[in-house]
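Q: 3D model of this:
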Amino acid sequence: MKIRAAIPLSFVLSCSGGLVDHAGVALSNPDGGGPDGGVPDGGDSCPYTVDRCGLNCSACPVPANATASCTDRACDYECAAPLLKCPGGCCPASAVSAGGDHACAIAGRAVRCWGGNDQGQLGVSGVAQSAVPVQVPGLESDATAVAAGSAHSCAVKGGEVYCWGANDRGQLGVSGTSPGGPAQVLGIFGASSVAAGAAFTCAMTSSQVLCWGANDAGQLGDGSTSSRFSPAAVASVTLPQLVATGASHACALSSQGVLCWGASDSGQVGSGSFAASIATPAVAIPHSAAPLAIGAGALHTCAVSNSDSLSCWGSDASFQLGDSSGQNRDAPRGVLSGVAAVAGGSGHTCALTRDSTVRCWGANASGQLGNGAAGAKQSGPQDVSLPTAATQVAAGAEHTCALLSSGGVSCWGRNDRGQLGNGTVSAISASPLAVTGR
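A: Numbers count the residues shown, from 1 in each chain. Have a look, this model is predicted:
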């Protein structure tokens, strides 16, 4: 970030609504205008003083683990790494999800998102993108799960599901155009998790999986290919434990094993078929194999067994199956051992290992493997160097994020929309960057 030269503490000649710290240094002037991006308040020039935050710097209330700043002519603060902002202070993150060109996290039971916002997927209006996490209105408390899709996002709050962003296929669970902020998906109670695909969404309760949105490939699992904006139960899934969504397919870990449905033209359903559409759940891994975790990428799927071995199936165009043949697979094949969890992106896969490290393989043009060098696709697992142990990994289209044991979030890969959340917009970063506490 470019820092302008310091001038006396009394004032900074800017009415930009940018960030001014308490040494009187202007840190940014994004639009050259007032807080609304237009002509500075008070005419062509006016003194922008630190005193706008109060009689002196100490007048700005600062929570623990934070430093004071002055943003948009009001008191603000920045949390010390690795903490994120949360209502009333600084909190460790407890969950993270990566989408098409954005990501979301839960910190202090509040949902904050960053990255692209052209479809309102950050939950706020008036900005095309944000390189720092923004608070999603209405989700300042009680959030327990979050999911980022291609251009929409969802969260679970008090057992209810709320979604925001693109709604061209009914993926928000409401009819018509996007409501412009989080809207409750009616008809769901007792939800424990949610997963967001390209243009559809699925939620899980203790007894069933429900899906809504686009259904051209049978990805809603109701036996039809008719899209719908209201939730419908997926056929024949009992006692679900996890749900995962790809571009146009979905999978559930249930009492029957791993069941998948939807598009299988690349074999991503894993039932031994390359059918364009499989509209009801098919068994990919039987219950007898004791699967423990699942993850879905755009055109592929992976599962972890109780022996900590990872198997994947579907598209291998970018070596995302860990297979250098590039051959699509319509049934699971072994990839890696010692795995606890897995996540899939557009063309890459990342595993959280039992020793709390992250290893990634597949497409790497944007540095989404996190091995420090963007470039050719990789069939072998690449080690990601993180500051502390990882507890969760999330893969977006061309970026990846990890939740750390410290409560911080680190992201790497494509960053043209600020989807790494480190406060800057750049082409890529092939190494992890900390999501900022601003």
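Q: My understanding was that residue 237 contacts residue 256; is that so?
A: Yes - using Cβ atoms under 8 Å, residue 237 is in contact with residue 256, at 7.5 Å. Just so you know, the C-beta spots here come from the backbone N, C-alpha and C atoms, and that holds for glycine as well.
Q: These two: which has the busier surroundings?
A: residue 237 (24 against 17; other Cβ atoms under 10 Å).
Q: got the contact list for that one?
A: With contact set as Cβ atoms under 8 Å, 6 or more residues apart in numbering, residue 237 has these partners: 208-209, 221, 252, 254, 256, 259, 281.
Q: Just give me the closest of these to residue 233.
A: residue 208 (5.0 Å; Cβ to Cβ).
Q: Does residue 167 belong to a helix, a strand or coil?
A: Secondary structure state of residue 167, per DSSP: H, G, I helix; E, B strand; the rest coil, is coil.
Q: Which residue comes closest to it once chain neighbours are left out?
A: Excluding the flanking residues, the one nearest residue 167 by Cβ to Cβ, 6 or more residues apart in numbering is residue 178, at 4.3 Å.
Q: residues near the nearest residue to residue 127 once chain neighbours are set aside, how many?
A: The shortest distance from residue 127 to any residue that is not its chain neighbour, by Cβ to Cβ, 6+ apart, is 5.6 Å, and that residue is residue 117. Residue 117: 24 surrounding residues under other Cβ under 10 Å.
Q: do you know how far residue 117 is from residue 151?
A: Distance of residue 117 to residue 151, given as Cβ to Cβ, to the nearest Å: 9 Å.
Q: Show me the beta-bridge partners of the most centrally placed residue in the chain.
A: Centroid check for the chain by Cα atoms, centre = their mean gives residue 98 as the closest residue, at 2.3 Å. Here residue 98 shows beta-bridge partners residue 103, assigned using DSSP bridges.
Q: Double-check it against residue 348; I have them as touching.
A: No - applying Cβ under 8 Å, one finds residue 98 not in contact with residue 348, separated by 11.1 Å.
Q: Quick check: neighbours shared by those two?
A: 395, 400.
Q: Local confidence estimate at residue 376?
A: pLDDT, residue 376: 96.
Q: pLDDT score assigned to residue 284?
A: pLDDT, read off for residue 284, is 97.
Q: distance of it from residue 354?
A: For residue 284, the distance to residue 354 - Cβ to Cβ - is 23 Å.
Q: neighbour-wise, which of these two wins?
A: Set residue 284 next to residue 354 and count neighbours by other Cβ under 10 Å: residue 284 wins out with 28 against 13.
Q: Thought residue 282 was touching residue 257, still the case?
A: No - with contacts defined as Cβ under 8 Å, residue 257 does not count as touching residue 282, sitting 10.6 Å away.
Q: So those two - more neighbours on which side?
A: residue 282 (21 against 17).
Q: Now do the contacts for residue 317.
A: The contact partners of residue 317, taken as Cβ under 8 Å, 6+ apart, are 266, 299, 326, 328, 347.
Q: what's the neighbour count on residue 125?
A: By the criterion of other Cβ under 10 Å, residue 125 has 10 neighbours.
Q: which residues does the closest residue to it other than its chain neighbours contact?
A: Using Cβ to Cβ, 6+ apart and skipping the chain neighbours, the partner closest in space to residue 125 is residue 180 (6.0 Å). Listed by Cβ under 8 Å, 6+ apart, the contact set of residue 180 reads 120, 125, 164.
Q: correct me, but the first one touches residue 178?
A: Yes - under the criterion of Cβ under 8 Å, residue 120 makes contact with residue 178 at 5.6 Å.
Q: tell me, what's touching the two both at once?
A: Jointly contacting residue 120 and residue 178 under the rule Cβ under 8 Å, 6+ apart are 164-166.
Q: Output those in JSON lines; the columns should cover pLDDT and neighbour count.
A: Converted to JSON lines, those look like this (pLDDT from 0 to 100; neighbours: other Cβ atoms under 10 Å):
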{"residue": "164", "pLDDT": "98", "neighbour count": "28"}
{"residue": "165", "pLDDT": "97", "neighbour count": "30"}
{"residue": "166", "pLDDT": "97", "neighbour count": "23"}
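Q: Including distance to residue 140, could those residues go into JSON lines?
A: Formatted as JSON lines, the shared contacts of residue 120 and residue 178 follow (distance: Cβ to Cβ, whole Å):
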{"residue": "164", "distance to residue 140": "14"}
{"residue": "165", "distance to residue 140": "18"}
{"residue": "166", "distance to residue 140": "23"}
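Q: quick one: residue 383 and residue 353, what's the gap?
A: For residue 383, the distance to residue 353 - Cβ to Cβ - is 10 Å.
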